[in-house]
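J.: Next input, structure requested:
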Amino acid sequence: MARNKGPRLGLGKVLLRIFGFFFVSALCGVLICGFMVPVVQFTSTTMGGSIGFYESLPSQLDVNSPSLSSNIVTADGQHIATFYAENRVKVPLDQMSPFIRQAIIAIEDSRFYEHPGVDAQGIIRALTSNVTKGTRQGASTLTQQYVTNVLNESRLSQGRPEDVVLSGDKSLGDKLREIKLALELEKRFSKDQILEGYLNIVFFNRNAYGIEAASRYFFSTSAKDLTLPQAALLAGLVNGPSVYDPTTAPESAFNRRNLVLDRMLEQGKITQADHDTAVASPVELKITPSLQGCAGASIAIYFCDYVSHLIMNNEAYGATMEDRERLLYRGGLTITTTLDSRLQAAAQVQVDASAGANPDKWGAAMTTVQPGTGKILSMAQNTVFVPQDGKFDTQLNFSVDAKDENGLDLNGAGGFQPGSTMKPFIFAEWLNEGKSPTAVVDASRRVYPVGFPWRSSCGKVLGGYSTAQKAQNLGADDDLQNNDEGYYRPMPINYGLYNSINTATFATAAQLDFCGIQKMVDAVGLHSGLDNAPINMHQIGNLLGSIGVAPVVLASAYATFANDGTYCKPIAITDISDSQGRKYPAQTPQCKETVKPAVARGVTAVLQDVLKLGSGVYIEPKVQNQVPVAAKTGTSNNNGATWVAGFTTRLATASFFGDTSAGQQRAGQNVTINGKFYKSLDGYMIAGPQWANYMMQATALYPSGAFNPPPPPPSPGPSTSPAAPR
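T.: Have a look, this model is predicted:
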C-alpha cells in the first residue's frame, strides 16, 4: 500500500483538531436538543455571548411566494413576453419528475425524510472530516438551504441586494439563525411542502431559478418530463451553478451528474440497470434562451411595450414606479390582453411587405380595434425593437401616443398628420346640424381671406386662410389646392367627401358652427399624438389634418361610426392575476354614445362609396366585394404621411405609411419604395393595399353584416357657401 503523501501534522495541531471535534460535536448536540430547553453558555468571542443570543433569534420564517416571472399573453392564450428579475415558474411537487425529487435528496440531503430540519449525524460527519482531515464539508440540510433561499429572496424582493448572504459568507450568527428557523419550519410544513418550496426557489443558472425554469432552459422540457440523466444533471448543478454549468463546463457537469447517479444507486433509489444506462448516456442539451421583457417578445413587440407602459403608469399596480416594477418583474402575473394572435400575424406580414428592404426607413403601421368594446386586436409596424443588420430599428411605437392623458410616457412616436381622414368628422357635423348629405356646396372657392365670417357659437376666434397664411395653415402654394384639376366647381357634399375634395371640405366648414366641429372631433376621441391635447379645430388648417394623430386613436374614432355612434376608449388589458389567483384591476370597455346613430349611419353610407367610386377605387384587393366596408384615404400636404382608415361592423383598422423620422418633414415625392417609383405618394398606393390585404384575412375571421342604413335625408334646399365680406 502506498504511503500517504499528505502533510504531516504536529502534535499540537492534532490535539487541537481532536478538541475541536469534541467541542463542536457537543455544541451541535446541545443546539439541536437545546432548541426546546437551551442550556448552552458560549464564550463571548466564539459563540456570540450567551444563550440569550440564541433565544433572541427569530423562530418564525415568513415563507412567501418567491419572485416569479410575469407573462403577457394574447386573448387566445398565445405567449407574448416574459418579465422577470429571476426567471422562475412555480409548479407543485406532483408536477415534478420523481427523478428530480430523488436526485436532489440523494446528492444534497440523503436523510431528508428522517431528520427534524437539522441533521446531527450530517453535522458530526462533516465536522469529523473538517477537523481531522482539514476539508470543508458542508452539513446544511435541504430545509436549512431552503431557509437561506427564502431569507435571501425576501431581501431581494425588498430591494436589499446588499443584505444577501451567500453560503460561504455566513457568520456563526447566520448559522444559528438558519438552524433555529429550520427546526421551526419543520413544525409548520410537511417534508413534501418543504421539498416543493426548495425546488421552486433554488438557483440553477442566471437564466433559471427553480426546477421548471431550469428544465425549460437546459432541456426545453418541463419539470414533470425530466428523464433520469436530465434530473441528475440538474440536481448536481445546485451545489455549484457556475462550476457545473453544462454550457460552459461540460466535463465537470458530466462527472457531477454521474456522481449524483452513483449516490442514487447507493441509496437504492434506482436500479443498477437504470444507473448504468444513465451513466453511459451523453449530456444532451437543448437550450431555450430565456428572453427578457418586450425585447424578447415572441410576437407583437410594440403592443407588448404599450402594455408594459400602461402597467408602469398606473398607481393601481403600486404607489411608486419602483413598486409597480417590482410587481411586474417579481409578482408572477399573468397579463391577458385583447390581442388576437391571428390578426396580429396577418397585420405583421402586411406591414413588413410594404417597404421591402427599406434602406430609406419609411414606416408602416397598422392597428385594429373592435367596435363596441374598444379592444385592440392587432398592432403592428415594420421595424425591429433591437438593432439588426439591414433592418429598420426603433423602440418608438408608431401606433400610440407619445404620452397618456396624465402626461406619462407611452413610448409612442406621437402620431402622424392624418390628412383627409379628418374630413368625415366635418361631414358628421354637417349631418349633426340637420343638413342634407346631397346638398350642393361651392367647391370652386380657393381663398378664404382674413376676416372671412367663419361661425363659432362659443366665441372662439378662428384663423382665416389666405395667400399670406397658406404656409402656416395648409402648406398650399398660392391658394387652396385639390389633388386633381377639374374639381373646382359646385358639387354635392357627399360627392366631395368620397372623392376627397379639399375645396368641398372648406365649403362645408364655411356653413358650420366650428364649436360643433370641435365637439364632434372631441366626441370620437381624436387628440394630438404628441401631448394628448385636444385638436384645436378653430385652427383652420386642422380641417385637413395638420396635427399628428396615432393610428390606434384614428382607428377608435372610425370605430365610432361602425358602432352606430358609440365611442369606446381603446383598451389592451382584460385580466391580470397572480399565481395565487389574486386579481388586479384590468381595463374594461368604456363606451358612450357620443354621436347620434343617424349621423354615424349617414357618414358610413358615404364612406362606403370611397372604395366604390371615390379616392379609394384603385385600392386592391377589392374588400368591398367580400364584405360591407367603409373607408377613407388620407394624405398630408407633402405626401409624407399617407393613410387608409376603414371599418366593417366588427373591425376598424387604421393603416399608415410614410415618414416616421424626427420632425416628420420628409416629402413623399419622387421616391422609390420597394423597387417602385412614386412621383407623389397617396393613401391608396401603399397604405391602401396594406389595409385591404389585411382586411381580406381579418374579415374572414370576423364575419360582418350590412351596416344599418341612414335615415332618409331632409328635403334639400339651397345651400351655398356664404359670400366673402366686402
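J.: how about low-confidence regions in the protein?
T.: The chain contains residues with pLDDT under 70 at 1-60, 125-139, 167-168, 463-478, 715-726.
J.: burial count for the residue nearest to residue 713 when sequence neighbours are not counted?
T.: Of all residues not flanking residue 713 in the chain, residue 436 sits nearest, at 4.7 Å (C-beta to C-beta, 6 or more residues apart in numbering). Backbone N, C-alpha and C define where each C-beta goes, glycine included. Other residues lying near residue 436 total 18 when counted by other C-beta atoms under 10 Å.
J.: Likewise for residue 434?
T.: Applying other C-beta under 10 Å, we find 10 residues neighbouring residue 434.
J.: same deal with residue 602?
T.: Residue 602: 24 surrounding residues under other C-beta under 10 Å.
J.: heads up, I number from 47, so please use that
T.: In the new numbering, first residue 47, that becomes residue 648.
J.: tell me which element it falls in.
T.: helix 643-658 (DSSP states H and E).
J.: quick one: what helix or strand has the residue lying closest to residue 548 once chain neighbours are set aside in it?
T.: Nearest residue to residue 548, sequence neighbours excluded (C-beta to C-beta, 6+ apart): residue 528, at 5.2 Å. Following DSSP H and E, one finds residue 528 outside all helices and strands.
J.: Do I have it right that residue 528 meets residue 551?
T.: No. Under the contact definition of C-beta atoms under 8 Å, residue 528 does not touch residue 551, with a separation of 9.9 Å.
J.: The two: who's more crowded?
T.: Neighbours per residue (other C-beta under 10 Å) separate residue 528 from residue 551, with residue 551 holding more: 24 against 18.
J.: Off-centre distance for whichever strand or helix holds that one?
T.: For residue 551, the element it lies in under DSSP H and E is helix 548-555. Its chain's average C-alpha position is 42 Å from that of helix 548-555, according to C-alpha atoms, centre = their mean, to the nearest Å.
J.: If we go by neighbour counts, what in the strand or helix carrying residue 620 is buried?
T.: Residue 620 belongs to strand 619-623 when assigned by DSSP H and E. Residues of strand 619-623 classed as buried by neighbour count (16 or more other C-beta atoms under 10 Å): 619-620, 622.
J.: Just confirm residue 552 contacts residue 498, I think it does.
T.: No. Residue 552 lies out of contact with residue 498 (C-beta under 8 Å); the separation is 9.9 Å.
J.: okay, these two: which has more neighbours?
T.: residue 552 (26 against 20).
J.: Against residue 438, how distant is that one?
T.: Applying C-beta to C-beta, to the nearest Å, the value for residue 552 to residue 438 is 37 Å.
J.: What of residue 591?
T.: In terms of C-beta to C-beta, residue 591 sits 25 Å off from residue 438.
J.: Which of these two has more residues huddled nearby?
T.: residue 591 (26 against 20).
J.: ok, now how distant is the closest residue to residue 139 other than its chain neighbours from residue 226?
T.: Ranked by C-beta to C-beta, 6+ apart and with sequence neighbours excluded, the top spatial neighbour of residue 139 is residue 242, at 4.0 Å. Using C-beta to C-beta, we find residue 242 at a distance of 22 Å from residue 226.
J.: Likewise for residue 436?
T.: 61 Å.
J.: more neighbours, these two?
T.: Taking other C-beta under 10 Å, residue 436 and residue 226 do not tie; residue 226 has more neighbours (21 against 8).
J.: host element of that one?
T.: Assigned by DSSP H and E, residue 226 belongs to helix 218-234.
J.: Follow the chain on from that helix and name the next helix or strand.
T.: Using DSSP H and E, the helix or strand that directly follows helix 218-234 along the chain is helix 237-247.
J.: now the angle from that next one to helix 218-234?
T.: With axes from the mean of the first three to the mean of the last three C-alpha atoms, to 10 degrees defining the directions, helix 237-247 sits at 130 degrees from helix 218-234.
J.: helix or strand right after helix 237-247?
T.: Per DSSP H and E, the first helix or strand lying C-terminal to helix 237-247 is strand 249-251.
J.: What is that next one packed up against?
T.: Counting contacts by 3 or more C-beta pairs under 8 Å, 6 or more residues apart in numbering; DSSP states H and E, strand 249-251 is packed against helix 257-265, helix 274-283.
J.: Can you give the strand pairings for that strand, parallel or anti for each?
T.: Sheet pairing here is set by DSSP bridges, and for strand 249-251 it gives strand 254-255 (antiparallel).
J.: Residues in contact with the partner strand: which ones?
T.: 112-113, 132-134, 247-249, 260, 262-264, 336 (C-beta atoms under 8 Å, 6 or more residues apart in numbering).
J.: Which members of the residues you listed are classed as buried?
T.: Buried among those (16+ other C-beta under 10 Å): 112-113, 132-134, 247-249, 260, 262-264, 336.
J.: re earlier: out of the buried residues of strand 619-623, flag the one nearest to residue 311.
T.: Nearest to residue 311 among these: residue 622, at 47.4 Å, using C-beta to C-beta.
J.: Quick check: the closest one vs residue 370, distance?
T.: Distance from residue 622 to residue 370, by C-beta to C-beta: 12 Å.
J.: go on, residue 652?
T.: Applying C-beta to C-beta, the value for residue 652 to residue 370 is 45 Å.
J.: which of these two has more neighbours?
T.: Taking other C-beta under 10 Å, residue 652 and residue 370 do not tie; residue 652 has more neighbours (23 against 20).
J.: Kindly export stretch 399-417 (C-alpha atoms) in CSV.
T.: C-alpha atoms of stretch 399-417 as CSV (Å, rounded to 0.1, in the frame of the first residue of the first chain):
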residue,chain,number,x,y,z
ALA,A,399,-44.1,43.7,-47.0
SER,A,400,-45.0,47.4,-47.6
ALA,A,401,-41.5,48.8,-47.9
GLY,A,402,-39.4,45.7,-48.6
ALA,A,403,-35.7,46.0,-47.5
ASN,A,404,-36.4,49.7,-46.9
PRO,A,405,-33.0,51.4,-46.8
ASP,A,406,-34.7,54.8,-46.6
LYS,A,407,-36.6,53.8,-43.5
TRP,A,408,-40.1,54.5,-44.5
GLY,A,409,-42.5,53.5,-41.7
ALA,A,410,-45.6,51.3,-41.9
ALA,A,411,-48.0,50.7,-39.1
MET,A,412,-51.5,49.2,-38.7
THR,A,413,-53.8,48.9,-35.8
THR,A,414,-57.2,47.3,-35.4
VAL,A,415,-59.8,48.0,-32.7
GLN,A,416,-63.1,46.3,-32.1
PRO,A,417,-66.2,48.5,-32.4
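J.: Neighbours of the spatially closest residue to residue 609 that is not a sequence neighbour, how many?
T.: Sequence neighbours aside, residue 417 is the residue nearest to residue 609 in space, at 3.9 Å (criterion: C-beta to C-beta, 6+ apart). By other C-beta under 10 Å, 26 other residues sit near residue 417.
J.: What are the phi and psi values at residue 417?
T.: When read as degrees, to the nearest 10, the backbone of residue 417 gives phi -60, psi 140.
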